[in-house]
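Q: Next one to model:
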Amino acid sequence: MVRFLVKYFVSGVFVLGGSISSAVSSPVDCSVPVDQSPLVTKVIYFEVGQSSLSKKAQKKIDDLFNVIDGHPSLKICAIGQADKQGDPDANKKLSLKRAQSAKNYLIKKGIAKKRIETVFRGEAYGSFSLWGSGEKADEDRRVEVIAYKE
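A: Have a look, this model is predicted:
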């Protein structure tokens, strides 16, 4: 029997015992299994309308790479999100581009493409800002990069 506690519920996403389980389906799902805890999670942030990785974001992914390099059994999930500013369809595309930026950076560093999955959630899962602006909107423009055992 798998036991877990709901850590929090935010805008359609449950975080269960350190895993991610979507309350509504996302365009692609690479959620960490409920009985697995992520080994490493790095959150990288983006400027408004941008999908390119900053030096700070690259450093965080480098830190993740240093942990997972040499452990080919680990899987990686990159979950792209956007704030609520602008067109919802454009935000879905932007969140996908953000997740792909993280994935491409890991591939460039030597991680096999087949080990990395992406989820794009647009603004639907942006949870920190009710109106899509202000300081909290910065936290919605992110990619969560998670390494876990399959």
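
Q: Which parts of this protein are strands?
A: 6-10, 13-16, 19-22, 40-45, 74-80, 116-120, 142-149 (DSSP state E).

Q: list the helices and strands the last one packs on?
A: Strand 142-149 is packed against strand 40-45, helix 55-68, strand 74-80, helix 88-109, with contacts defined by 3 or more C-beta pairs under 8 Å, 6 or more residues apart in numbering; DSSP states H and E. All C-beta atoms are positioned from the backbone trio N, CA, C, and that covers glycine.

Q: So which residues make contact with that strand?
A: 20, 32-33, 36-46, 60-61, 64, 67-68, 73-81, 98-99, 101-102, 106 (C-beta atoms under 8 Å, 6 or more residues apart in numbering).

Q: one more time with 7 Å
A: Contacts with strand 142-149, where a contact means C-beta atoms under 7 Å, 6 or more residues apart in numbering, come from 32, 36, 38-46, 61, 64, 67-68, 73-81, 98-99, 102.

Q: buried stuff in that strand?
A: For strand 142-149, burial by neighbour count (16 or more other C-beta atoms under 10 Å) applies to 142, 143, 144, 145, 146, 147, 148.

Q: Dump these to CSV, plus pLDDT and distance to residue 51.
A: Formatted as CSV, the buried residues of strand 142-149 follow (pLDDT from 0 to 100; distance: C-beta to C-beta, whole Å):
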residue, pLDDT, distance to residue 51
142, 92, 12
143, 93, 9
144, 91, 15
145, 93, 14
146, 91, 19
147, 91, 21
148, 87, 24
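
Q: of the contacts of strand 142-149, buried ones?
A: Buried, going by 16+ other C-beta under 10 Å: 32, 36, 38-42, 44-46, 61, 64, 68, 74-81, 98-99, 102, out of these.

Q: Let me know the closest of the buried residues of strand 142-149 to residue 93.
A: residue 143 (14.2 Å; C-beta to C-beta).

Q: Okay, and the beta partners of that closest one?
A: Per DSSP bridges, the residues bridged to residue 143 are residue 44, residue 80.

Q: Tell me the spacing between it and residue 97.
A: Here residue 143 is placed at a distance of 10 Å from residue 97 (C-beta to C-beta, to the nearest Å).

Q: and if you look at residue 70?
A: Counting by C-beta to C-beta, the gap from residue 70 to residue 97 is 29 Å.

Q: So those two - more neighbours on which side?
A: Set side by side, residue 70 and residue 97 show more neighbours around residue 97, with 18 against 7, by other C-beta atoms under 10 Å.
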